[in-house]
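# No sequence on hand, only this structure:
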Ligand SMILES: O=C(O)c1ccc[n+]([C@@H]2O[C@H](COP(=O)([O-])O)[C@@H](O)[C@H]2O)c1
Ligand SMILES: Cc1cc2nc[nH]c2cc1C
């Protein structure tokens with residue numbers, strides 16, 4: 001497959017003029033300056049990415065869960081077996097996962113897609129597997145995750161999905177994940193992109209013990225050493241250290257940014273995809289906000305790199321898009337405050 005001609009093209013940033021107007025309105029509200037704290041910053045962000053002051057209510061929020069398996073999960077890096085991945089895909093479809101409950105409460109649509117699950121998912125609707133790239137991505141410490149062609153096809157799949165969600169009316173998109181072992185490639189992508197060693201970024205994922213963490217750190221470092229200088233290029237980085245689901249999530253976020261649709265990021269996997277989206281489409285991160293801080297160290301390093309301060313910090317590490325969905329009511333509150341609070345100049 002030929003590379004997308006838009007890859008590496010800079011993304012048009014949100015309007016600096018609208019940002020200035022939103023900042024001025026926030027300062028003019030009938031509140032002491034700075035009294036809304038991060039809610040105020042979030043209000044300015046949502047108005048800026050919407051291109052309008054005051055901002056519109058954030059009614060249509062759509063989450064997409066990119067599911068896939070990872071060869072590295074057979075090498076002692078997770079507390080759980082791979083069979084959990086297809087089982088959770090079925091659970092999302094039943095509306096019974098953690099993210100499903102939060103999303104139902106907050107009126108967020110959830111779409112789950114199999115990009116690389118190591119199971120045929122017999123009986124699930126065809127639309128779930130329509131973008132499948134392969135059954136399981138390569139064990140990144142021993143081999144490439146993907147072929148170059150698979151990387152390009154996965155990115156293109158994510159771009160198509162973003163276009164579909166935007167056509168369906170999304171005002172705000174969330175990129176979620178499901179895949180046993182996926183904190184290993186996510187940490188490797190972040191380490192490679194930020195130039196950090198494995199011991200700084202590697203975390204406990206689903207809950208491995210101390211010995212497991214030592215081993216997982218060695219696996220991440222082995223993957224980084226194996227990839228070597230190839231990590232200077234974002235496509236090579238995804239091919240060597242990523243996965244079908246992570247590449248698709250990166251394509252999804254890059255396409256959302258190019259279309260001027262904001263993205264609320266979730267945990268370490270979502271933020272790894274955001275880092276890759278920013279590398280594929282420089283400037284994309286100006287369309288992103290961070291839903292929450294995960295317990296994974298790589299996620300905090302990556303958020304700092306992107307210049308993002310998370311809305312929530314609840315010690316969550318579920319993935320699935322759940323931390324971002326939990327932050328949606330706060331984003332909605334922020335938009336409403338900037339549009340409905342009286343101006344100081346109007347006080348009687
Ligand atoms: O979002 C996070 O920061 C996060 C942190 C730890 C674990 N997870 C979820 O747990 C799975 C990956 O954990 P692990 O230990 O198997 O690499 C995957 O399905 C993720 O959605 C997610
Ligand atoms: C049960 C379970 C649910 C998950 N959801 C996201 N990652 C997960 C990992 C496990 C193990």
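Good, I have the coordinates. As the structure is a computational prediction, the values presented were derived from the model and not from experiment. Residues are numbered from 1 along each chain as shown. Ligands and ions are numbered 1, 2, ... in the order given.

# okay, now residue 16: neighbour count?
9 (other Cβ atoms under 10 Å). Placement of C-beta: from N, CA and C, glycine included.

# now swap in residue 165 and tell me
Neighbours of residue 165 (other Cβ under 10 Å): 23.

# now swap in residue 18 and tell me
With other Cβ under 10 Å as criterion, residue 18 counts 18.

# Okay, and it sits in which element?
Assigned by DSSP states H and E, residue 18 belongs to helix 16-28.

# buried sites along that helix?
Residues of helix 16-28 classed as buried by neighbour count (16 or more other Cβ atoms under 10 Å): 18-19, 21-23, 25-26.

# Reformat these as a markdown table; add pLDDT and distance to residue 45.
Output for the buried residues of helix 16-28, formatted as a markdown table (pLDDT from 0 to 100; distance: Cβ to Cβ, whole Å):
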| residue | pLDDT | distance to residue 45 |
| --- | --- | --- |
| 18 | 98 | 11 |
| 19 | 98 | 9 |
| 21 | 98 | 13 |
| 22 | 98 | 8 |
| 23 | 98 | 11 |
| 25 | 98 | 13 |
| 26 | 98 | 11 |
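
# And those, which is closest to residue 196?
Among the buried residues of helix 16-28, residue 19 lies closest to residue 196 (Cβ to Cβ), at 30.7 Å.

# Look at residue 304 and give its secondary structure.
Using DSSP: H, G, I helix; E, B strand; the rest coil, the secondary structure recorded for residue 304 is helix.

# mind checking how far it is from residue 295?
16 Å (Cβ to Cβ, to the nearest Å).

# The two - which one has more neighbours?
Using other Cβ under 10 Å as the criterion, residue 304 and residue 295 rank with residue 295 on top: 17 against 11.

# one step back: could you tell me which ones among the buried residues of helix 16-28 also sit near ligand 1?
Among the buried residues of helix 16-28, no residue lies close to ligand 1 (Cβ under 6 Å from any ligand atom).

# from the chain's centre, how far out does stretch 288-297 sit?
9 Å (Cα atoms, centre = their mean, to the nearest Å).
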